[in-house]
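Asker: I would like to see how this sequence folds:
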Amino acid sequence: MGLSVWQIAIIAIVILVLFGRGRISEMMGDFGKGIKSFKQGMNDEDEAPAKQIGHEAKPADEGLTPDQVKQTTDTK
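Answerer: This next block holds a predicted model:
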């Protein structure tokens, strides 16, 4: 079940009537800007060196009194 040339033409006319020529060209311009921005962001990411993430996690109970540690472990 394919679309014929007449069906495509009718769909295109309906879209033009609903949105208007100006609105469609505006949407396509925004779409083009989005793609350009996406490509630029991907290139910027490739040029920037990858950051090494160090694992310097602190224990959850650091600096707490023994009673406070007991309370935090009891509530979990």
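Asker: Does residue 2 belong to a helix, a strand or coil?
Answerer: Secondary structure, DSSP: H, G, I helix; E, B strand; the rest coil: residue 2 is coil.
Asker: Tell me the pLDDT of it.
Answerer: We have a pLDDT of 82 for residue 2.
Asker: which residues does it contact?
Answerer: Contacts for residue 2 (CB atoms under 8 Å, 6 or more residues apart in numbering) come out as none. Backbone N, C-alpha and C define where each C-beta goes, glycine included.
Asker: if I look at residue 7, how far off is residue 16?
Answerer: 15 Å (CB to CB, to the nearest Å).
Asker: just residue 36 next, same as before
Answerer: Taking CB to CB, one finds residue 36 at 26 Å from residue 16.
Asker: what about the longest helix in the protein?
Answerer: Scanning the chain for the longest helix, with DSSP state H as the assignment, gives helix 5-47.
Asker: Check which helices and strands that one sits against.
Answerer: Packing partners of helix 5-47 (3 or more CB pairs under 8 Å, 6 or more residues apart in numbering; DSSP states H and E): none among the helices and strands.
Asker: what does the model give residue 49 for pLDDT?
Answerer: So residue 49 comes in at 60 (pLDDT).
Asker: Got phi/psi on residue 4?
Answerer: phi -80, psi 170 (degrees, to the nearest 10).
Asker: I'm done for today, thanks for sticking with me.
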